[in-house]
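Engineer: got a structure for you, letters missing:
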(Lines give C-alpha, C1' and ligand atoms only; values in the text may rest on other atoms or scores of the structure.)
Protein backbone atom coordinates (compact mmCIF):
# COMPACT_ATOMS: atom_id res chain seq x y z
CA UNK A 1 0.00 0.00 0.00
CA UNK A 2 2.78 2.44 0.94
CA UNK A 3 4.57 1.65 -2.33
CA UNK A 4 1.40 2.34 -4.30
CA UNK A 5 0.89 5.69 -2.54
CA UNK A 6 4.52 6.57 -3.20
CA UNK A 7 4.17 5.80 -6.93
CA UNK A 8 0.99 7.91 -7.16
CA UNK A 9 2.71 10.81 -5.38
CA UNK A 10 5.69 10.62 -7.76
CA UNK A 11 3.35 10.56 -10.75
CA UNK A 12 1.43 13.60 -9.51
CA UNK A 13 4.70 15.43 -8.90
CA UNK A 14 5.89 14.66 -12.42
CA UNK A 15 2.62 15.95 -13.90
CA UNK A 16 2.96 19.17 -11.88
CA UNK A 17 6.56 19.62 -13.00
CA UNK A 18 5.71 19.05 -16.66
CA UNK A 19 2.81 21.50 -16.45
CA UNK A 20 4.94 24.15 -14.73
CA UNK A 21 7.76 23.67 -17.27
CA UNK A 22 5.34 23.96 -20.18
CA UNK A 23 3.93 27.22 -18.81
CA UNK A 24 7.39 28.58 -18.01
CA UNK A 25 8.51 27.83 -21.57
CA UNK A 26 5.84 30.24 -22.84
CA UNK A 27 7.19 33.19 -20.82
CA UNK A 28 8.85 35.99 -22.85
CA UNK A 29 11.77 36.13 -20.37
CA UNK A 30 12.72 34.99 -16.88
CA UNK A 31 10.14 36.85 -14.75
CA UNK A 32 12.59 38.33 -12.23
CA UNK A 33 15.19 39.30 -14.84
CA UNK A 34 13.50 41.90 -17.06
CA UNK A 35 15.45 42.93 -20.17
CA UNK A 36 17.13 46.31 -20.43
CA UNK A 37 15.47 49.06 -22.44
CA UNK A 38 17.18 51.45 -24.84
CA UNK A 39 17.54 54.76 -23.01
CA UNK A 40 19.90 56.32 -25.57
CA UNK A 41 19.13 60.02 -25.75
CA UNK A 42 17.56 60.30 -22.31
CA UNK A 43 18.25 63.48 -20.34
CA UNK A 44 17.58 64.64 -16.80
CA UNK A 45 15.07 67.15 -18.14
CA UNK A 46 13.35 64.44 -20.18
CA UNK A 47 13.20 62.07 -17.23
CA UNK A 48 11.62 64.82 -15.14
CA UNK A 49 9.01 65.43 -17.85
CA UNK A 50 7.99 61.76 -17.77
CA UNK A 51 8.03 61.73 -13.96
CA UNK A 52 5.81 64.82 -13.90
CA UNK A 53 3.40 63.12 -16.31
CA UNK A 54 3.17 60.04 -14.10
CA UNK A 55 2.70 62.13 -10.96
CA UNK A 56 -0.06 64.25 -12.52
CA UNK A 57 -1.88 61.09 -13.54
CA UNK A 58 -1.41 59.78 -9.98
CA UNK A 59 -3.64 62.46 -8.49
CA UNK A 60 -6.10 62.57 -11.39
CA UNK A 61 -6.69 58.88 -10.82
CA UNK A 62 -6.91 59.26 -7.04
CA UNK A 63 -9.62 61.89 -7.45
CA UNK A 64 -11.60 59.61 -9.77
CA UNK A 65 -11.22 56.47 -7.62
CA UNK A 66 -12.14 58.40 -4.48
CA UNK A 67 -15.58 59.07 -5.97
CA UNK A 68 -16.42 55.37 -6.01
CA UNK A 69 -14.14 53.76 -3.42
CA UNK A 70 -15.36 54.30 0.13
CA UNK A 71 -12.59 52.37 1.85
CA UNK A 72 -8.88 51.82 1.44
CA UNK A 73 -7.22 52.73 -1.86
CA UNK A 74 -3.91 51.47 -3.17
CA UNK A 75 -2.46 51.40 -6.68
CA UNK A 76 0.69 51.88 -8.70
CA UNK A 77 0.36 54.83 -11.07
CA UNK A 78 3.67 53.79 -12.60
CA UNK A 79 2.35 50.33 -13.47
CA UNK A 80 -0.78 51.71 -15.12
CA UNK A 81 1.21 54.35 -17.01
CA UNK A 82 3.69 51.74 -18.22
CA UNK A 83 0.99 49.43 -19.57
CA UNK A 84 -0.84 52.31 -21.24
CA UNK A 85 2.39 53.78 -22.66
CA UNK A 86 2.89 50.52 -24.55
CA UNK A 87 -0.73 50.70 -25.66
CA UNK A 88 -0.29 54.34 -26.70
CA UNK A 89 2.56 53.31 -29.01
CA UNK A 90 -0.01 51.56 -31.19
CA UNK A 91 -2.79 54.16 -30.97
CA UNK A 92 -3.53 56.68 -33.68
CA UNK A 93 -5.79 59.69 -34.20
CA UNK A 94 -8.32 60.59 -31.51
CA UNK A 95 -7.57 57.38 -29.60
CA UNK A 96 -3.93 58.39 -29.25
CA UNK A 97 -4.77 62.00 -28.40
CA UNK A 98 -7.09 60.94 -25.57
CA UNK A 99 -4.57 58.50 -24.06
CA UNK A 100 -1.84 61.14 -24.29
CA UNK A 101 -4.07 63.68 -22.55
CA UNK A 102 -5.16 61.37 -19.70
CA UNK A 103 -1.59 60.25 -18.97
CA UNK A 104 -0.01 63.65 -19.72
CA UNK A 105 2.54 61.95 -21.96
CA UNK A 106 5.12 64.23 -23.60
CA UNK A 107 5.96 63.86 -27.29
CA UNK A 108 7.07 60.36 -28.25
CA UNK A 109 10.63 61.52 -28.90
CA UNK A 110 10.79 62.50 -25.22
CA UNK A 111 8.60 59.73 -23.80
CA UNK A 112 10.46 56.76 -25.26
CA UNK A 113 14.10 57.19 -24.17
CA UNK A 114 13.18 58.72 -20.83
CA UNK A 115 10.58 56.09 -19.95
CA UNK A 116 13.33 53.60 -20.80
CA UNK A 117 15.72 55.40 -18.43
CA UNK A 118 13.18 55.31 -15.58
CA UNK A 119 12.50 51.62 -16.24
CA UNK A 120 16.22 50.83 -16.26
CA UNK A 121 16.69 52.85 -13.07
CA UNK A 122 13.99 50.87 -11.29
CA UNK A 123 15.68 47.65 -12.40
CA UNK A 124 19.19 48.78 -11.55
CA UNK A 125 19.35 46.58 -8.47
CA UNK A 126 20.75 47.22 -5.02
CA UNK A 127 21.55 45.20 -1.93
CA UNK A 128 19.50 47.54 0.27
CA UNK A 129 16.03 46.75 -1.12
CA UNK A 130 14.19 44.86 -3.86
CA UNK A 131 12.68 46.92 -6.66
CA UNK A 132 11.95 45.75 -10.17
CA UNK A 133 9.46 46.14 -12.96
CA UNK A 134 8.76 44.25 -16.16
CA UNK A 135 6.59 44.58 -19.24
CA UNK A 136 5.33 41.99 -21.71
CA UNK A 137 3.23 41.57 -24.83
CA UNK A 138 1.08 38.45 -25.09
CA UNK A 139 -0.02 37.98 -28.69
CA UNK A 140 -2.40 35.55 -30.40
CA UNK A 141 -0.03 33.15 -32.12
CA UNK A 142 -1.24 33.75 -35.68
CA UNK A 143 -2.07 37.46 -35.32
CA UNK A 144 0.22 39.70 -37.38
CA UNK A 145 1.27 42.68 -35.27
CA UNK A 146 3.38 45.24 -37.10
CA UNK A 147 7.10 44.64 -36.66
CA UNK A 148 7.62 48.36 -36.13
CA UNK A 149 5.24 48.28 -33.14
CA UNK A 150 6.69 45.24 -31.40
CA UNK A 151 10.23 46.55 -31.95
CA UNK A 152 9.40 49.92 -30.30
CA UNK A 153 7.74 48.26 -27.32
CA UNK A 154 10.69 45.92 -26.80
CA UNK A 155 13.32 48.62 -27.36
CA UNK A 156 11.92 51.37 -25.14
CA UNK A 157 9.79 49.45 -22.60
CA UNK A 158 11.54 46.07 -22.40
CA UNK A 159 8.23 44.55 -23.48
CA UNK A 160 9.23 41.30 -25.12
CA UNK A 161 6.47 39.45 -26.96
CA UNK A 162 5.27 35.89 -26.36
CA UNK A 163 2.77 33.96 -28.48
CA UNK A 164 -0.27 32.33 -26.89
CA UNK A 165 -3.38 30.67 -28.30
CA UNK A 166 -6.29 32.73 -26.99
CA UNK A 167 -8.57 31.14 -29.61
CA UNK A 168 -7.93 27.46 -28.96
CA UNK A 169 -6.54 27.51 -25.42
CA UNK A 170 -8.07 30.53 -23.72
CA UNK A 171 -7.82 29.22 -20.17
CA UNK A 172 -4.25 28.00 -20.56
CA UNK A 173 -3.30 31.42 -21.96
CA UNK A 174 -4.90 33.16 -18.99
CA UNK A 175 -3.05 30.89 -16.56
CA UNK A 176 0.26 31.53 -18.33
CA UNK A 177 -0.07 35.31 -18.03
CA UNK A 178 -1.20 35.09 -14.41
CA UNK A 179 1.69 32.75 -13.54
CA UNK A 180 4.18 35.17 -15.07
CA UNK A 181 2.75 38.10 -13.09
CA UNK A 182 2.72 36.00 -9.92
CA UNK A 183 6.42 35.21 -10.28
CA UNK A 184 7.29 38.83 -11.10
CA UNK A 185 5.61 39.99 -7.88
CA UNK A 186 6.89 37.32 -5.45
CA UNK A 187 3.46 35.64 -5.40
CA UNK A 188 1.73 38.83 -4.18
CA UNK A 189 -0.42 39.42 -7.26
CA UNK A 190 -2.42 36.29 -7.97
CA UNK A 191 -5.09 35.75 -10.61
CA UNK A 192 -4.68 39.23 -12.12
CA UNK A 193 -6.88 38.32 -15.06
CA UNK A 194 -10.04 36.61 -13.79
CA UNK A 195 -11.79 33.84 -15.63
CA UNK A 196 -14.06 35.15 -18.36
CA UNK A 197 -12.05 38.28 -19.24
CA UNK A 198 -10.22 36.63 -22.13
CA UNK A 199 -12.02 34.88 -24.96
CA UNK A 200 -11.51 33.65 -28.50
CA UNK A 201 -11.58 37.24 -29.77
CA UNK A 202 -8.65 38.32 -27.57
CA UNK A 203 -5.69 39.20 -29.75
CA UNK A 204 -3.30 41.01 -27.45
CA UNK A 205 -2.69 41.47 -23.71
CA UNK A 206 -0.14 44.02 -22.49
CA UNK A 207 1.12 43.62 -18.92
CA UNK A 208 3.25 45.48 -16.44
CA UNK A 209 4.29 44.33 -12.98
CA UNK A 210 6.20 46.18 -10.27
CA UNK A 211 7.52 44.83 -6.98
CA UNK A 212 9.12 46.57 -3.99
CA UNK A 213 10.38 45.29 -0.66
CA UNK A 214 12.28 47.65 1.61
CA UNK A 215 13.41 47.89 5.21
CA UNK A 216 12.99 51.10 7.16
CA UNK A 217 16.19 53.06 7.71
CA UNK A 218 15.01 53.24 11.33
CA UNK A 219 12.88 50.22 12.18
CA UNK A 220 10.08 50.19 14.71
CA UNK A 221 10.60 47.90 17.70
CA UNK A 222 7.99 45.12 17.69
CA UNK A 223 7.91 45.10 21.48
CA UNK A 224 6.58 48.68 21.42
CA UNK A 225 3.58 47.84 19.20
CA UNK A 226 0.30 48.05 21.12
CA UNK A 227 -3.39 47.75 20.35
CA UNK A 228 -4.63 51.33 20.17
CA UNK A 229 -7.55 53.34 18.83
CA UNK A 230 -7.79 54.26 15.16
CA UNK A 231 -10.55 56.74 14.34
CA UNK A 232 -12.10 55.79 11.00
CA UNK A 233 -14.52 58.62 11.75
CA UNK A 234 -14.98 60.63 14.98
CA UNK A 235 -17.73 58.17 15.96
CA UNK A 236 -16.28 54.95 14.47
CA UNK A 237 -13.22 53.94 16.49
CA UNK A 238 -11.51 50.57 16.05
CA UNK A 239 -8.59 48.84 17.75
CA UNK A 240 -5.51 48.19 15.62
CA UNK A 241 -1.83 47.33 16.23
CA UNK A 242 -0.09 50.72 16.45
CA UNK A 243 3.68 50.86 15.98
CA UNK A 244 5.65 53.32 18.09
CA UNK A 245 9.05 54.94 17.80
CA UNK A 246 10.85 57.43 20.02
CA UNK A 247 13.52 58.67 17.60
CA UNK A 248 16.29 59.65 20.03
CA UNK A 249 19.01 59.97 17.38
CA UNK A 250 17.26 60.33 14.03
CA UNK A 251 15.83 63.48 12.50
CA UNK A 252 13.08 63.13 9.92
CA UNK A 253 12.05 65.24 6.96
CA UNK A 254 8.82 66.73 8.29
CA UNK A 255 6.41 69.64 8.09
CA UNK A 256 3.38 70.73 10.07
CA UNK A 257 0.98 73.04 8.24
CA UNK A 258 -2.43 74.31 9.21
CA UNK A 259 -4.13 71.42 7.40
CA UNK A 260 -1.77 68.49 7.81
CA UNK A 261 1.45 66.92 8.99
CA UNK A 262 3.71 65.41 6.34
CA UNK A 263 6.38 62.91 7.31
CA UNK A 264 8.99 61.13 5.20
CA UNK A 265 10.11 57.69 6.33
CA UNK A 266 13.18 56.55 4.36
CA UNK A 267 14.01 52.97 3.49
CA UNK A 268 17.53 51.57 3.74
CA UNK A 269 19.62 52.76 0.80
CA UNK A 270 17.97 56.20 1.05
CA UNK A 271 16.74 56.13 -2.57
CA UNK A 272 13.14 55.12 -1.79
CA UNK A 273 10.94 56.63 0.90
CA UNK A 274 7.36 56.74 2.11
CA UNK A 275 5.58 60.07 2.46
CA UNK A 276 2.64 60.17 4.86
CA UNK A 277 0.06 62.94 4.50
CA UNK A 278 -1.81 63.08 7.82
CA UNK A 279 -4.64 65.64 7.91
CA UNK A 280 -5.11 67.61 11.11
CA UNK A 281 -8.77 66.60 11.29
CA UNK A 282 -9.99 64.46 8.39
CA UNK A 283 -9.21 63.73 4.75
CA UNK A 284 -11.93 66.09 3.53
CA UNK A 285 -9.63 68.95 4.50
CA UNK A 286 -6.92 67.98 2.01
CA UNK A 287 -8.43 65.71 -0.65
CA UNK A 288 -10.06 68.49 -2.73
CA UNK A 289 -6.67 70.19 -3.14
CA UNK A 290 -4.66 66.99 -3.65
CA UNK A 291 -2.67 67.72 -6.81
CA UNK A 292 0.97 67.32 -7.79
CA UNK A 293 1.39 71.09 -7.45
CA UNK A 294 -0.02 71.03 -3.91
CA UNK A 295 2.17 68.07 -3.00
CA UNK A 296 5.25 69.96 -4.17
CA UNK A 297 4.15 72.97 -2.12
CA UNK A 298 3.80 70.81 0.99
CA UNK A 299 7.13 69.06 0.34
CA UNK A 300 8.90 72.41 0.00
CA UNK A 301 8.00 73.17 3.63
CA UNK A 302 9.61 70.01 4.95
CA UNK A 303 12.84 70.16 6.93
CA UNK A 304 14.93 67.89 9.12
CA UNK A 305 13.11 67.77 12.47
CA UNK A 306 13.61 65.94 15.75
CA UNK A 307 10.29 64.31 16.59
CA UNK A 308 9.31 63.31 20.09
CA UNK A 309 7.34 60.26 18.94
CA UNK A 310 5.98 58.52 15.85
CA UNK A 311 2.86 56.36 15.94
CA UNK A 312 1.81 54.45 12.84
CA UNK A 313 -0.58 51.52 12.31
CA UNK A 314 0.49 48.23 10.83
CA UNK A 315 -1.62 47.45 7.79
CA UNK A 316 -1.94 44.99 4.94
CA UNK A 317 -4.51 44.87 2.17
CA UNK A 318 -5.16 44.05 -1.48
CA UNK A 319 -7.03 46.07 -4.07
CA UNK A 320 -8.34 45.33 -7.54
CA UNK A 321 -9.76 47.77 -10.05
CA UNK A 322 -11.46 47.19 -13.39
CA UNK A 323 -10.55 50.50 -14.93
CA UNK A 324 -12.36 50.81 -18.24
CA UNK A 325 -15.01 53.18 -16.85
CA UNK A 326 -12.47 55.02 -14.68
CA UNK A 327 -10.15 55.77 -17.61
CA UNK A 328 -13.10 56.63 -19.85
CA UNK A 329 -14.31 59.14 -17.25
CA UNK A 330 -10.82 60.64 -17.11
CA UNK A 331 -11.01 61.37 -20.83
CA UNK A 332 -10.13 58.38 -23.03
CA UNK A 333 -13.46 56.70 -23.94
CA UNK A 334 -12.57 56.10 -27.60
CA UNK A 335 -10.02 53.39 -26.80
CA UNK A 336 -12.82 51.28 -25.28
CA UNK A 337 -15.23 51.80 -28.19
CA UNK A 338 -15.70 49.62 -31.27
CA UNK A 339 -16.05 50.73 -33.90
CA UNK A 340 -14.17 53.90 -33.13
CA UNK A 341 -10.91 52.88 -31.47
CA UNK A 342 -7.84 53.26 -33.64
CA UNK A 343 -4.95 50.98 -32.80
CA UNK A 344 -3.80 50.71 -36.39
CA UNK A 345 -0.25 51.36 -35.20
CA UNK A 346 -0.35 47.84 -33.75
CA UNK A 347 -1.71 45.81 -36.65
CA UNK A 348 -2.44 48.17 -39.56
CA UNK A 349 -6.22 47.83 -39.09
CA UNK A 350 -9.00 49.35 -37.00
CA UNK A 351 -10.11 45.99 -35.65
CA UNK A 352 -8.67 46.26 -32.14
CA UNK A 353 -10.14 48.01 -29.13
CA UNK A 354 -9.48 47.77 -25.39
CA UNK A 355 -12.01 45.51 -23.71
CA UNK A 356 -10.47 45.57 -20.21
CA UNK A 357 -7.88 47.36 -18.12
CA UNK A 358 -7.30 45.51 -14.85
CA UNK A 359 -5.09 46.75 -12.02
CA UNK A 360 -4.33 44.80 -8.87
CA UNK A 361 -2.12 45.84 -5.94
CA UNK A 362 -0.87 44.62 -2.57
CA UNK A 363 0.76 46.46 0.35
CA UNK A 364 2.04 45.37 3.73
CA UNK A 365 3.53 47.82 6.25
CA UNK A 366 4.98 46.58 9.53
CA UNK A 367 7.78 47.28 12.02
CA UNK A 368 10.47 46.08 9.64
CA UNK A 369 9.46 47.88 6.46
CA UNK A 370 7.17 47.67 3.44
CA UNK A 371 6.31 45.16 0.76
CA UNK A 372 4.28 46.39 -2.20
CA UNK A 373 3.39 44.94 -5.56
CA UNK A 374 1.10 45.82 -8.43
CA UNK A 375 0.28 44.64 -11.91
CA UNK A 376 -1.72 45.98 -14.82
CA UNK A 377 -3.20 44.18 -17.80
CA UNK A 378 -4.58 45.87 -20.92
CA UNK A 379 -6.69 43.48 -22.96
CA UNK A 380 -7.00 44.17 -26.68
CA UNK A 381 -10.04 42.52 -28.30
CA UNK A 382 -11.76 41.97 -32.32
CA UNK A 383 -8.92 63.32 14.99
CA UNK A 384 -8.05 66.53 17.04
CA UNK A 385 -5.06 68.87 16.81
CA UNK A 386 -1.88 67.21 18.07
CA UNK A 387 1.30 68.49 19.73
CA UNK A 388 3.62 69.68 16.99
CA UNK A 389 6.40 67.16 17.41
CA UNK A 390 4.33 64.02 17.82
CA UNK A 391 3.23 62.21 14.69
CA UNK A 392 0.25 59.97 15.48
CA UNK A 393 -1.38 58.41 12.44
CA UNK A 394 -4.50 57.31 14.30
CA UNK A 395 -7.02 58.39 11.68
CA UNK A 396 -7.29 58.06 7.89
CA UNK A 397 -4.25 59.18 5.92
CA UNK A 398 -2.67 59.07 2.49
CA UNK A 399 0.75 57.62 1.75
CA UNK A 400 3.09 57.53 -1.25
CA UNK A 401 6.13 55.42 -2.05
CA UNK A 402 8.50 57.43 -4.20
CA UNK A 403 11.95 57.49 -5.70
CA UNK A 404 13.64 60.20 -3.67
CA UNK A 405 15.93 61.49 -6.40
CA UNK A 406 13.30 62.08 -9.08
CA UNK A 407 10.17 62.20 -6.93
CA UNK A 408 8.64 59.54 -9.21
CA UNK A 409 5.60 58.12 -7.41
CA UNK A 410 5.66 54.33 -7.60
CA UNK A 411 2.66 53.61 -5.35
CA UNK A 412 -0.07 55.70 -3.70
CA UNK A 413 -2.57 54.64 -1.07
CA UNK A 414 -5.22 55.77 1.39
CA UNK A 415 -5.69 54.03 4.74
CA UNK A 416 -9.24 54.36 6.02
CA UNK A 417 -9.28 51.12 8.00
CA UNK A 418 -5.89 49.50 8.73
CA UNK A 419 -7.60 46.18 9.41
CA UNK A 420 -7.96 45.78 5.62
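Structural biologist: On my side now, so go ahead. What you see is a predicted model, and the numbers here were worked out from it, not measured in a lab.
Engineer: C-alpha only now, for contacts and for neighbours.
Structural biologist: Noted.
Engineer: Please work out the average pLDDT along the helix or strand in which residue 304 is found.
Structural biologist: Using DSSP states H and E, residue 304 maps to strand 303-305. The predicted model assigns strand 303-305 a mean pLDDT of 94.
Engineer: Kindly report the same for stretch 223-231.
Structural biologist: 93.
Engineer: Please apply the same query to stretch 257-271.
Structural biologist: pLDDT averaged over stretch 257-271 gives 91.
Engineer: how long is it from one end to the other?
Structural biologist: 26 Å (Cα to Cα, to the nearest Å).
Engineer: wait, doesn't residue 114 sit right on residue 38?
Structural biologist: No: when contacts are counted by Cα atoms under 8 Å, residue 114 is not listed as touching residue 38 (9.2 Å).
Engineer: How much space separates residue 78 from residue 54?
Structural biologist: The value you get for residue 78 to residue 54, if Cα to Cα is used, is 6 Å.
Engineer: which neighbours do the two share?
Structural biologist: residue 409 (Cα atoms under 8 Å, 6 or more residues apart in numbering).
Engineer: sorry, back to before: if you count what's nearby, which of residue 114 and residue 38 comes out ahead?
Structural biologist: residue 114 (27 against 21; other Cα atoms under 10 Å).
Engineer: Distance check, the more buried one against residue 48.
Structural biologist: From residue 114 to residue 48 the distance is 8 Å (Cα to Cα).
Engineer: Identify the residue nearest residue 92 in space, chain neighbours excluded?
Structural biologist: residue 342 (5.5 Å; Cα to Cα, 6 or more residues apart in numbering).
Engineer: residue contacts, that neighbour?
Structural biologist: Here residue 342 is in contact with 91-96, 335, 349-353 (Cα under 8 Å, 6+ apart).
Engineer: Can you tell me which of those are buried?
Structural biologist: The neighbour count (16 or more other Cα atoms under 10 Å) marks 91-92, 94-96, 335, 350-353 as buried among the contacts of residue 342.
Engineer: in the stretch 201-350 of the chain, which spans are strands?
Structural biologist: Assigned by DSSP state E, counting those that start in this stretch, the stretch 201-350 of the chain shows strands spanning 204-215, 226-233, 236-245, 252-256, 260-266, 272-279, 303-305, 309-313, 315-322.
Engineer: closest to residue 288 out of those strands?
Structural biologist: Checking those against residue 288 by Cα to Cα gives strand 272-279 as the closest, at 12.3 Å.
Engineer: ok, and what's touching the closest one?
Structural biologist: For strand 272-279, with Cα under 8 Å, 6+ apart as the criterion, the contacting residues are 259-267, 285-286, 393, 396-404.
Engineer: Which of those residues are buried, as a PyMOL select command?
Structural biologist: Selecting only the buried entries of these in PyMOL, with 16+ other Cα under 10 Å as the criterion:
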select buried, resi 259+260+261+262+263+264+265+266+267+286+393+396+397+398+399+400+401+402+403
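Engineer: since we're on residue 194, how many residues are nearby?
Structural biologist: Residue 194, neighbours per other Cα under 10 Å, totals 12.
Engineer: now the most centrally placed residue in the chain, nearest residue through space, not along the chain?
Structural biologist: Centroid-nearest residue in the chain, with Cα atoms, centre = their mean: residue 76, separated by 2.2 Å. Excluding the flanking residues, the one nearest residue 76 by Cα to Cα, 6+ apart is residue 411, at 4.3 Å.
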